[in-house]
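# only geometry, no sequence info:
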């Protein structure tokens with residue numbers, strides 16, 4: 001995979017050097033040396049990890065996966081910056097990383113469009129950029145690692161159409177942060193999945209921005225606005241759990257079915273919620289943290305010139321029938 005953009009010939013300037021792999025030379029108007037030109041074993045590497053929002057349990061696990069994997073690579077040091085779901089702060093975090101001379105950037109964007117420019121800036125400076133979980137616009141990055149959110153949403157929809165609500169029913173959708181690619185893709189996929197069962201109707205959609213407490217408040221409002229709700233399709237497990245709590249407070253937790261996405265193998269995660277009966281199902285959405293560090297090692301230590309532009313992580317449907325087994329297989333923490 002080539003890091004550089006097309007070489008442009010300008011009358012007043014020599015042709016720019018096409019950067020390939022980690023053998024990079026930067027035009028260097030400021031006299032600096034491109035961080036990725038120093039690949040190889042026995043070196044120290046600073047990796048900036050720009051996280052969208054540490055308050056989300058999924059992102060805490062992602063950070064843990066990145067840090068755990070990085071500790072196994074001699075010379076790797078990871079610095080994590082929490083954007084706290086603030087686009088402008090995340091832009092500033094990346095700018096700060098660039099000023100520190102990072103050798104590689106891992107970023108999970110809060111939203112796609114607002115982060116596209118600064119990701120491109122890093123990439124144009126010759127810094128390898130791994131976009132994790134959520135996408136940016138365009139292709140000015142080294143590699144993307146994440147799940148297929150359309151496929152995951154479709155799998156959830158098919159589960160509703162064939163198993164959860166085969167006779168049809170009224171569904172409310174609690175969606176992720178507007179502007180984030182997983183929210184749009186999980187919504188699209190779900191609609192594709194339920195299309196085979198015209199008796200299923202989405203009666204309301206509301207964002208809870210991936211957060212449990214907002215899922216609870218959104219569900220509370222939906223319960224008051226909707227005379228009948230048969231099921232809740234939440235774009236992640238914390239929002240599904242929040243919706244369950246609101247329904248329980250209203251005495252309706254047994255009359256409504258709940259599903260989520262993430263399936264984190266931790267005691268507070270979605271797999272345990274399924275095992276304990278609060279959720280009917282969840283769908284695995286791997287963090288990609290370990291895979292990101294594996295790729296970073298190939299780029300920085302092994303000096304690999306060609307890496308995959310996109311890596312799609314696998315998923316699985318988890319119900320009460322396989323929850324205990326899935327928890328163990330995914331390395332569940334007791």
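Received it, and whenever you're ready, just let me know what you need. These numbers were taken from a predicted model, which means no experiment stands behind them.

# can you tell me the closest non-neighbouring residue to residue 148?
Nearest residue to residue 148, sequence neighbours excluded (Cβ to Cβ, 6 or more residues apart in numbering): residue 312, at 5.2 Å. For glycine as for every other residue, the C-beta is placed from the backbone atoms N, C-alpha and C.

# likewise for residue 66?
residue 289 (4.1 Å).

# per-domain residue ranges of the chain.
35-133+288-303, 149-286+317-329 (automatic domain parsing).

# could you redo those domains as a markdown table and give each row distance to residue 143 and mean neighbour count?
Below are these laid out as a markdown table (distance: least, Cβ to Cβ, whole Å; neighbours: other Cβ atoms under 10 Å):
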| stretch | distance to residue 143 | mean neighbour count |
| --- | --- | --- |
| domain 35-133+288-303 | 5 | 20 |
| domain 149-286+317-329 | 16 | 20 |
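
# dump those to JSON lines, plus mean pLDDT and distance to residue 142.
Output for the domains of the chain, formatted as JSON lines (pLDDT from 0 to 100; distance: least, Cβ to Cβ, whole Å):
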{"stretch": "domain 35-133+288-303", "mean pLDDT": "95", "distance to residue 142": "5"}
{"stretch": "domain 149-286+317-329", "mean pLDDT": "97", "distance to residue 142": "18"}
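
# residue 288 contacts residue 62, doesn't it?
Yes: the criterion here is Cβ atoms under 8 Å, and residue 288 meets it with residue 62 at 7.2 Å.

# between the two, what contacts are shared?
Residues touching both residue 288 and residue 62 (Cβ atoms under 8 Å, 6 or more residues apart in numbering): 132-133.

# and residue 181, what does it touch?
Residue 181 neighbours (Cβ under 8 Å, 6+ apart): 112, 134-135, 149.

# out of these, list just those in helices.
Using DSSP state H, the subset of the contacts of residue 181 located in helices is 112, 149.

# which of the contacts of residue 181 lies closest to residue 88?
Comparing those against residue 88 with Cβ to Cβ picks out residue 112 as the nearest, at 14.9 Å.

# skipping its backbone neighbours, what lies nearest residue 167 in space?
That would be residue 199: by Cβ to Cβ, 6+ apart, it lies 6.6 Å from residue 167.

# and that neighbour, how far is that from residue 165?
Look at residue 199 and residue 165: by Cβ to Cβ, to the nearest Å, they are 8 Å apart.

# which parts of the stretch 101-250 of the chain are helices?
Remark: helices assigned in the stretch 101-250 of the chain by DSSP state H, counting those that start in this stretch are 112-124, 149-159, 181-194, 212-225, 237-249.

# of the ones you listed, which approaches residue 265 most closely?
Nearest of the helices of the stretch 101-250 of the chain to residue 265, taken as Cβ to Cβ: helix 237-249 at 11.6 Å.

# residue closest to the middle of the protein?
Centroid-nearest residue in the chain: residue 133, 2.7 Å away (criterion: Cα atoms, centre = their mean).

# who's in contact with that residue?
By Cβ under 8 Å, 6+ apart, residue 133 lies in contact with 62, 108, 145-147, 182, 287-288.

# as a markdown table, the residues you listed with distance to residue 76 would be great.
As requested, those are exported to a markdown table (distance: Cβ to Cβ, whole Å):
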| residue | distance to residue 76 |
| --- | --- |
| 62 | 16 |
| 108 | 18 |
| 145 | 17 |
| 146 | 21 |
| 147 | 24 |
| 182 | 27 |
| 287 | 17 |
| 288 | 17 |
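
# so who does residue 120 touch?
Residue 120 is in contact with 136, 138, 140-141, counting by Cβ under 8 Å, 6+ apart.

# out of the residues you listed, flag the one nearest to residue 211.
For these, the closest approach to residue 211 (Cβ to Cβ) belongs to residue 136, at 22.2 Å.

# ok, the residue nearest to that closest one when sequence neighbours are not counted to residue 186 distance?
Distances taken as Cβ to Cβ, 6+ apart put residue 116 closest to residue 136, at 4.4 Å, once the chain neighbours are dropped. Distance check for residue 116 against residue 186: by Cβ to Cβ, it reads 21 Å.

# cool, and residue 45?
Counting by Cβ to Cβ, the gap from residue 45 to residue 186 is 34 Å.

# so residue 151 is in contact with residue 315, correct?
Yes: counting by Cβ under 8 Å, residue 151 touches residue 315, with 7.1 Å between them.

# nearest to residue 73, of the helices of the stretch 101-250 of the chain?
Smallest distance to residue 73 across the helices of the stretch 101-250 of the chain (Cβ to Cβ): 20.8 Å, for helix 112-124.

# and the angle from the closest one to helix 181-194?
Calculated by axes from the mean of the first three to the mean of the last three Cα atoms, to 10 degrees, helix 112-124 forms an angle of 120 degrees with helix 181-194.

# can you check what pLDDT the model gives residue 8?
pLDDT recorded at residue 8 is 33.
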